[in-house]
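**Student:** okay, sequence plus prediction incoming.
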Amino acid sequence: MKHSLLLAFCWILTGNCLKAAEILEVRKIWDAAPHNAFTDLLRHDGTWYCVFREGSKHVSADGALRVLVSKDGQKWESSALIRHPTADLRDTKITETPDHRLMLNGAGAFASASGTKHQSFAWLSKDGKDWSEPIPVGETNNWLWRVTWHEGKAYGVGYGTTQPSTTKLFVSRDGRSYEILVPVLFGEGFPNEASLLFQPDDTALCLLRRDGTPGSGQLGMAKPPYTSWEWKDLGVKIGGPQLLRLPDGRIVAGGRLYDGGARMSLCWLDSRAGKLEEFLKLPSGGDCSYPGLVWHEGVLWVSYYSSHEGKTSIYLARVKLDSGK
């Protein structure tokens, strides 16, 4: 269902100024599989790429990674479907490598009793259609959930999928071979999904989900060489986190919020205070969230999934933000 030119205004008081967000459009772009979820979004060489997992259920042995492409963000078509013969492929992310190739990252969940519960993989492509064979990356039973490139290196937070669970910071020069930069990045309250953002002064931020007790999200900060981190408790539970720095310096955090019902929300992140402030709920509910965020020509583009219309489907929103002045 397309919500054409849906207008919504959400006002929040931050400091001494009001911030507004206007939803220009929310469009359903894919619902072919019984369950479609866990998105990411990239604009590369004038083409939009939206990637996600599709399968028969939220967790199922037939999980595969779908790649959609679009020239205008309106008409989308499938360019690839990546499967694994023995694994449920999950939570795909897409980036552009320093040599201008496309790289997918995701994890395979295995049902066998061989001792391998999860293995992270990378796939490379020049055109978004033909992809390499899966390249095992990181460590077995450690989920390298999202990769971020900075100064020619790929950084990613991996979390253990067997007990005891903790997080590690990995780094790679080519996206294929990773080293452990920080053996224990954060280890309390079952930490897992994380998004990294590198500021213009090279400060790194890490938005981290937790599902234990306590289950509040964490914000980490570090200076190069990123081996020493300081952490702040955000005081709210988050899921599927993603970070984006706007040209004016403000930081948007997207993901699932839980208080008052699960929803796909956009928040302002105050990194100094260690606070998230919700400014816009996108049409969503139930099984939802896991956004991709792209800033393009003065508009925030957001891919996400939701089950609020009955079937878990992939949506694309375009959001106009105020100037921040």
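**Tutor:** Perfect, I can see it now. Numbers count the residues shown, from 1 in each chain.
**Student:** can you name the residues bridging to P191?
**Tutor:** Beta-bridge partners of P191, counted by DSSP bridges, are R210.
**Student:** residues in contact with it?
**Tutor:** Going by C-beta atoms under 8 Å, 6 or more residues apart in numbering, P191 touches 159, 165-167, 185, 208-210, 212, 218. The C-beta positions use only the backbone N, C-alpha and C, and glycine is treated the same way.
**Student:** quick one, which of those residues are buried?
**Tutor:** For the contacts of P191, a burial check counting by 16 or more other C-beta atoms under 10 Å picks out 159, 165-167, 185, 208-210, 218.
**Student:** lowest-confidence entry in these?
**Tutor:** Of all those, S165 has the smallest pLDDT value, namely 84.
**Student:** helix, strand, or coil at that one?
**Tutor:** Following DSSP: H, G, I helix; E, B strand; the rest coil, we place S165 in the coil state.
**Student:** do you know how far the residue nearest to it when sequence neighbours are not counted is from S60?
**Tutor:** The shortest distance from S165 to any non-neighbouring residue, by C-beta to C-beta, 6 or more residues apart in numbering, is to F190 (5.3 Å). F190 sits 23 Å away from S60, going by C-beta to C-beta, to the nearest Å.
**Student:** between the two, which is the more surrounded one?
**Tutor:** More crowded of F190 and S60, by other C-beta atoms under 10 Å: F190, with 18 against 15.
**Student:** for that one, which residues are in contact?
**Tutor:** 165, 210-212, 215.
**Student:** and if you look at L185?
**Tutor:** L185 sits next to 157, 166-169, 191, 206, 220, 229 when contact means C-beta under 8 Å, 6+ apart.
**Student:** which of those sits closest to Y305?
**Tutor:** V157 (21.7 Å; C-beta to C-beta).
**Student:** just give me the neighbour total for that closest one.
**Tutor:** 28.
**Student:** ok, it - contacts?
**Tutor:** Residues 144-146, 167-170, 185, 194, 196, 206, 208 are the ones in contact with V157 under the rule C-beta under 8 Å, 6+ apart.
**Student:** that one: which element?
**Tutor:** strand 153-160 (DSSP states H and E).
**Student:** how about the contacts of L185 in JSON lines, adding distance to E277?
**Tutor:** Formatted as JSON lines, the contacts of L185 follow (distance: C-beta to C-beta, whole Å):
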{"residue": "V157", "distance to E277": "24"}
{"residue": "T166", "distance to E277": "29"}
{"residue": "T167", "distance to E277": "25"}
{"residue": "K168", "distance to E277": "30"}
{"residue": "L169", "distance to E277": "27"}
{"residue": "P191", "distance to E277": "22"}
{"residue": "C206", "distance to E277": "19"}
{"residue": "G220", "distance to E277": "19"}
{"residue": "W229", "distance to E277": "23"}
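**Student:** wait, which of the residues you listed is closest to S132?
**Tutor:** Among those, and counting by C-beta to C-beta, the member closest to S132 is V157, at 23.5 Å.
**Student:** look up the closest residue to the closest one, ignoring the ones flanking it.
**Tutor:** Per C-beta to C-beta, 6+ apart, closest to V157 is A194, 3.8 Å.
**Student:** touching, that neighbour and V147? I think so.
**Tutor:** No - A194 lies out of contact with V147 (C-beta atoms under 8 Å); the separation is 10.9 Å.
**Student:** what's the distance between T312 and P225?
**Tutor:** Taking C-beta to C-beta, one finds T312 at 41 Å from P225.
**Student:** tell me which of these two has more neighbours.
**Tutor:** Ranked by neighbour count (other C-beta under 10 Å), T312 and P225 place T312 first, with 21 against 10.
**Student:** now for the residue lying closest to the more buried one once chain neighbours are set aside: which residues touch it?
**Tutor:** Of all residues not flanking T312 in the chain, H35 sits nearest, at 4.9 Å (C-beta to C-beta, 6+ apart). For H35, the contacting residues are 54-58, 60, 312, by C-beta under 8 Å, 6+ apart.
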